[in-house]
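1. Dropping a prediction and its sequence here:
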Amino acid sequence: MKSAGNRLTRRKLARIAAAGATALAAKAQSSKPAPVETNGLTRKVAAFIVNTRYESLPKDVIELGRKSILDGLGLALVGSVAKSGEITRSYLESLGVTRGNATVIGSALKSAARFAAFANGVGIHADDYDDTQLSAAPDRVYGLLTHPTAPCLSAVLAVAEARRLSGRDLLLAYHTGVEVECKISEAIAPRHYQDGFHSTGTCGTFASATAVMKLYGADAAACARALSVAASQAAGLRENFGTMTKPFHAGRAAESGIVAADLVQRGWTASDQILEAPAGFFHAAGGSYDANAITLGRPWTFSSPGISIKPFPSGSLTHPAMSELLRLVRMNQIKAEQVERLDVGTNRNVPTALIHHRPTDSLQGKFSMEFCMAALLLYGRAGLNEFTDEVVKRPEVQTMIQRVRFGVHPEAEKAGYDKMTSILDLHLKDGRTISGRADFAKGSPSDPMSFDEVASKFLDNCRYAKWPEAKANRVVESVRKLEDIPDVRAVTALLSA
């Protein structure tokens, strides 16, 4: 029997545990890289906001942005008929804020710009069908950084409508906001996304604040403060993927940018180094950043590395595999009953976002590689009509889901995270195996959609939302010549019931 002096009492165990925890914490702290501060980075971004002129926008950038704007407007209409759209409108009505001068798209409601931006941001992202930013850096997870249009367009459209500004004003503010958003998203350390932040909600807030301050004609000092107020509102967690809270991130980012701009215009104070400071956005939310990535307008992100327009209403990481499977099915005339098993391999980061392996509703289905593959095998398509609760729950779908094996493939891992490499092996009951590989999908810069193809997607979305065909066609033509429209209310009127 041990003496009392040698016994490990609870108090002694507690002291040992505390000492160990302190040592581990000290070791972890010492292993962290020292914060790098690039003085004046926030002011540099603010100067870009102020100094960017419409004449400095490259023609190809304007044309690329035109497609994303049209795409976003159609998705706002689709989002208006989603359950989240119904809840959002009901919420605004309960607040008594439906007497403003900014359109809640797809309805007869108008509200203050901040609330219309919130509703429309939720709508654009509701079906996860909106455009995505690509990264050029191999260490950036998936090559996917943020959904740039949802928070930016929602804010700029609401404010431009409320102030009766022109299509040219809207284009300039939109492009300035998207550029700032994408470069900030590119610069922050990959840990930001890997550890759970949703960059559409975080970095999208900067897009909204930037675009609105541009519309307000603010000076550089005010722009820096607006970025700072926006940073303190930046939020969004990937744990909520597959729920209504994911599009909430985009809506709140749109609204938060307007709040930041409006407060600063009234004299609100904030730091002028919020991006680079040791206690600022980059270090707090990512641990580090690459200052060299903030090459604003050199080149414009729309030009290089590019922004993708989605061919399917699901998480972007499913799209290369979906595009390739559709190609294989059509080329080989494969029927669902022929399929024994489908193996889908990606890099190790992809499954951390596509988390729903046995989805039970449509929102989970958007983040389920298994469901997306099953829908294409069974129906030869995966559009808005397939991403419904009823389809996800069908016995035939659930059975096919179990035939899809999704995991990490060494070849995809080796390809790097700046790609969304997907490797498919389709095993048929007759013993054949049909294989394919895709790094990107239709709609990416490597295989872009034309304006007419985006217009076709827009019109399909309008039909899904049961929007009047005459209005829909006029929206297409209005966006085609947006820079010539003297008052954006001519466009928003076509999006209002």
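-> Happy to help now that I have it.
2. which residue ranges form the strands in the stretch 351-497 of the chain?
-> For the stretch 351-497 of the chain, the strands defined by DSSP state E, counting those that start in this stretch occupy 404-408, 422-428, 433-438.
3. Can you check what angle separates the longest one from strand 433-438?
-> Using axes from the mean of the first three to the mean of the last three CA atoms, to 10 degrees, the interaxial angle of strand 422-428 with respect to strand 433-438 works out to 160 degrees.
4. Need the mean per-residue confidence for strand 422-428.
-> The average pLDDT for strand 422-428 rounds to 98.
5. Any stretches of the stretch 1-150 of the chain with poor pLDDT?
-> 1-38, 139-144 (pLDDT under 70).
6. And Gly65, how far from Ser56?
-> 14 Å (CB to CB, to the nearest Å). Placement of C-beta: from N, CA and C, glycine included.
7. and among the strands of the stretch 351-497 of the chain, the most buried is which?
-> strand 422-428 (a mean of 21; mean count of other CB atoms under 10 Å).
8. residue contacts, the most centrally placed residue in the chain?
-> By CA atoms, centre = their mean, the chain has its centre lying nearest to His147, at 2.4 Å. Counting by CB atoms under 8 Å, 6 or more residues apart in numbering, His147 touches 125, 130-133, 200, 204, 250.
9. Okay, and which of these map to helices?
-> 125, 200, 204, 250 (DSSP state H).
10. what's around the last one, how many residues?
-> The reference is to Ala250. 32 (other CB atoms under 10 Å).
11. ok, it touching Ser154?
-> Yes. Between Ala250 and Ser154 a contact is recorded at 7.4 Å, counting by CB atoms under 8 Å.
12. Not counting sequence-adjacent ones, nearest residue to Tyr469?
-> Residue 469: Glu, not Tyr. Cys462 (7.3 Å; CB to CB, 6 or more residues apart in numbering).
13. I'd like the distance between the one you found and Ala113.
-> On the measure of CB to CB, Cys462 and Ala113 end up 24 Å apart.
14. Between those two, point out the one with more neighbours.
-> Comparing Cys462 with Ala113 by other CB under 10 Å, the one with more neighbours is Ala113, at 26 against 22.
15. Near Arg432, how many other residues are there?
-> Arg432 - counted by other CB under 10 Å - has 12 other residues nearby.
16. can I see the domain layout of this protein?
-> What the record gives for the chain is the domain set 41-310+450-495, 316-438, from automatic domain parsing.
17. Arg66 is in contact with Phe451, correct?
-> Yes. Phe451 is in contact with Arg66 according to CB under 8 Å; the separation is 6.8 Å.
18. rewinding a little: any idea which of the domains of the chain is most buried?
-> domain 41-310+450-495 (a mean of 22).
19. Could you verify my assumption that Tyr221 touches Thr269?
-> Careful, residue 221 is Ala; it's not Tyr. No. With contact defined as CB under 8 Å, Ala221 does not reach Thr269; the gap is 10.7 Å.
20. if we can go back for a sec, could you redo the strands of the stretch 351-497 of the chain as a markdown table and give each row distance to Glu340?
-> Putting the strands of the stretch 351-497 of the chain into a markdown table (distance: least, CB to CB, whole Å) gives the following:
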| stretch | distance to Glu340 |
| --- | --- |
| strand 404-408 | 11 |
| strand 422-428 | 5 |
| strand 433-438 | 9 |
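21. Name the stretch from the ones you listed that approaches Leu363 most closely.
-> Nearest to Leu363 among the strands of the stretch 351-497 of the chain is strand 404-408 (18.2 Å), distances taken as CB to CB.
22. State the next helix or strand along the chain beyond whichever strand or helix holds Ser185.
-> Element membership of Ser185 [criterion: DSSP states H and E] is helix 167-187. Tracing the chain C-terminally past helix 167-187 and defining elements by DSSP H and E, one meets helix 191-194 next.
23. which residues sit against that next one?
-> 141, 145, 199, 202, 238, 285-288, 349, 352.
24. Quick one: the helices in the stretch 351-497 of the chain, in order.
-> Taking DSSP state H, counting those that start in this stretch, the helices of the stretch 351-497 of the chain run over residues 362-365, 369-379, 389-393, 395-401, 410-415, 451-464, 469-480, 489-492.
25. Pipe these into CSV and attach distance to Leu275 per row.
-> Output for the helices of the stretch 351-497 of the chain, formatted as CSV (distance: least, CB to CB, whole Å):
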stretch, distance to Leu275
helix 362-365, 33
helix 369-379, 35
helix 389-393, 41
helix 395-401, 43
helix 410-415, 31
helix 451-464, 33
helix 469-480, 32
helix 489-492, 33
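26. Specify the angle between the helix holding Ser185 and helix 469-480 in degrees.
-> 70 degrees.
27. Can I get the helix or strand where Leu153 lies in PDB, CA atoms only?
-> Per DSSP H and E: Leu153 is located in helix 149-162. Provided in PDB are the C-alpha atoms of helix 149-162 (Å, rounded to 0.1, in the frame of the first residue of the first chain):
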ATOM      1  CA  THR A 149     -21.900  38.100 -56.600                       C
ATOM      2  CA  ALA A 150     -24.600  37.300 -53.900                       C
ATOM      3  CA  PRO A 151     -23.500  39.800 -51.200                       C
ATOM      4  CA  CYS A 152     -22.100  42.400 -53.600                       C
ATOM      5  CA  LEU A 153     -24.900  42.600 -56.200                       C
ATOM      6  CA  SER A 154     -27.600  42.500 -53.500                       C
ATOM      7  CA  ALA A 155     -26.200  45.500 -51.800                       C
ATOM      8  CA  VAL A 156     -25.300  47.600 -54.800                       C
ATOM      9  CA  LEU A 157     -28.700  46.900 -56.500                       C
ATOM     10  CA  ALA A 158     -30.700  48.000 -53.400                       C
ATOM     11  CA  VAL A 159     -28.700  51.200 -52.800                       C
ATOM     12  CA  ALA A 160     -28.600  52.100 -56.500                       C
ATOM     13  CA  GLU A 161     -32.400  51.700 -56.800                       C
ATOM     14  CA  ALA A 162     -33.000  53.700 -53.600                       C
END
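28. how distant is that helix from the center of its chain?
-> Centroid displacement of helix 149-162 relative to its chain, using CA atoms, centre = their mean, to the nearest Å, is 16 Å.
29. list the helices and strands it packs on?
-> Applying 3 or more CB pairs under 8 Å, 6 or more residues apart in numbering; DSSP states H and E, we find helix 149-162 packed against helix 59-80, strand 102-103, helix 113-125, helix 167-187, helix 199-216, helix 245-265, helix 489-492.
30. these two touch, right, Asp447 and Phe440?
-> Yes. Taking CB under 8 Å as the definition, Asp447 is a contact partner of Phe440 at 6.7 Å.
31. Between these two, which has more neighbouring residues?
-> Taking neighbours as other CB under 10 Å, Asp447 and Phe440 compare with Phe440 leading, 21 against 13.
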